[in-house]
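**Student:** Here's a sequence, model it:
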Amino acid sequence: MKTVDLNSDLGESFGAYTIGNDEEVLQYISSANIACGFHAGDYNVLMKTVKKAAELGVSVGAHPGFPDLAGFGRRDMHMSKQEIFNLVVYQIGAIQAAARVAGTQVHHVKPHGALYNLASKDEMVSTAIAEAVHSVDPDLILFGLAGSKLVRAGENVGLRVAQEVFADRTYQQDGTLTPRSHAKAMIHDADLAVERVLRMVTDGKVTAVNGEDIFIQADTICVHGDEPEALEFVRKLRVKLEENQVAIQAYGVVDHP
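**Tutor:** Numbering: from 1, shown residues only. The predicted structure follows:
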């Protein structure tokens, strides 16, 4: 049976602000990317989310972003390679400490928002992230946009990498995500999103916004936890994949086909 990882970005509430449906979404996913307090999250939410993931047997991942709470980490910030290295190391460390207390360990790292998008196309940013992850723990798995520079940077430093696709985002013909400023960036129809993901997993193809089919590798599928449709998406997606003989399993936990 074919397997695929199903992940979501969680732990993004902070203070008096509640974002997403973390406890519900955790019931359906195999990997959780948990905010580290820079773009979202705080020490209380971080600990609660790590503990809940551990209780449910969901793999815990660090979700480092730019220090941009007001912009939810979705605004570009110009930093040196050393600054990016340092901020990634710092944020992985926060999740590692919480994971140890919760009796689990960090399984993977997935950059967030603008940091993720920059790393997908900027060699300096992708290299800084990959080197930071490897320096903290070379056994960590690096999640990156399928076919991107972040994936190549991870491979270059000797990390295991998981090529990521998105259930609720559209693609450009070069394989990059459609910018959120674009009217067609997000997919709000759960049934359409599920059918697109199933095709990515089983056929290795997705239709770009210009109507052209492009090839894509789907090791792990992301559903954004902060979107209103997240719970419906992830529930329907899991059911559809399993109906089509695709098992949901954290990437790298067992031999991946």
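**Student:** all contacts plus neighbour counts: C-alpha atoms, from now on.
**Tutor:** Noted.
**Student:** Check the spacing between residue 9 and residue 222 real quick.
**Tutor:** Taking Cα to Cα, to the nearest Å as the measure, residue 9 falls 8 Å from residue 222.
**Student:** for residue 99, same thing?
**Tutor:** From residue 99 over to residue 222 the distance is 21 Å, taken as Cα to Cα.
**Student:** and if you look at residue 152?
**Tutor:** Counting by Cα to Cα, the separation of residue 152 from residue 222 is 19 Å.
**Student:** do the same with residue 73
**Tutor:** Noted for residue 73: a distance of 17 Å to residue 222, by Cα to Cα.
**Student:** residues near the closest residue in space to residue 49 that isn't next to it in sequence, how many?
**Tutor:** Residue nearest to residue 49 in three dimensions, not counting chain neighbours: residue 11, with 5.8 Å by Cα to Cα, 6 or more residues apart in numbering. For residue 11, the tally of surrounding residues (other Cα atoms under 10 Å) stands at 32.
**Student:** and what of residue 61?
**Tutor:** Neighbourhood size, residue 61 [other Cα under 10 Å]: 33.
**Student:** Residues touching the strand or helix carrying it, excluding its own?
**Tutor:** Secondary structure from DSSP states H and E places residue 61 in strand 59-63. When contacts are defined by Cα atoms under 8 Å, 6 or more residues apart in numbering, strand 59-63 is touched by residues 9, 30-36, 50, 53-54, 91-92, 95, 99, 104-112, 250.
**Student:** what's the next secondary structure element after it?
**Tutor:** Sequence-wise, the next helix or strand downstream of strand 59-63 (DSSP H and E) is helix 81-101.
**Student:** what is the rounded mean pLDDT of that following helix?
**Tutor:** In this model, helix 81-101 has a mean pLDDT of 98.
**Student:** buried stuff in the helix or strand just after that helix?
**Tutor:** As assigned by DSSP H and E, the chain's next helix or strand after helix 81-101 is strand 106-109. Buried residues in strand 106-109, counted by 16 or more other Cα atoms under 10 Å: 106-109.
**Student:** before we move on, what about stretch 199-214?
**Tutor:** For stretch 199-214, by 16+ other Cα under 10 Å, it's 200-201, 205-208, 214.
**Student:** how long is that stretch end to end?
**Tutor:** 11 Å.
**Student:** what do you get for stretch 26-40?
**Tutor:** Chord length of stretch 26-40, first to last residue, is 18 Å (Cα to Cα).
**Student:** ok now that stretch, how far from the chain's centre?
**Tutor:** How far stretch 26-40 lies from its chain's middle: 8 Å, per Cα atoms, centre = their mean, to the nearest Å.
**Student:** need the contact list for the residue nearest the centre of the chain.
**Tutor:** Residue closest to the average C-alpha location in the chain (Cα atoms, centre = their mean): residue 110, at 5.1 Å. Applying Cα under 8 Å, 6+ apart to residue 110 gives the contacts 33, 61-64, 116, 142-144.
**Student:** next one: residue 207
**Tutor:** Under the criterion of Cα under 8 Å, 6+ apart, the neighbours of residue 207 are 171, 213-214.
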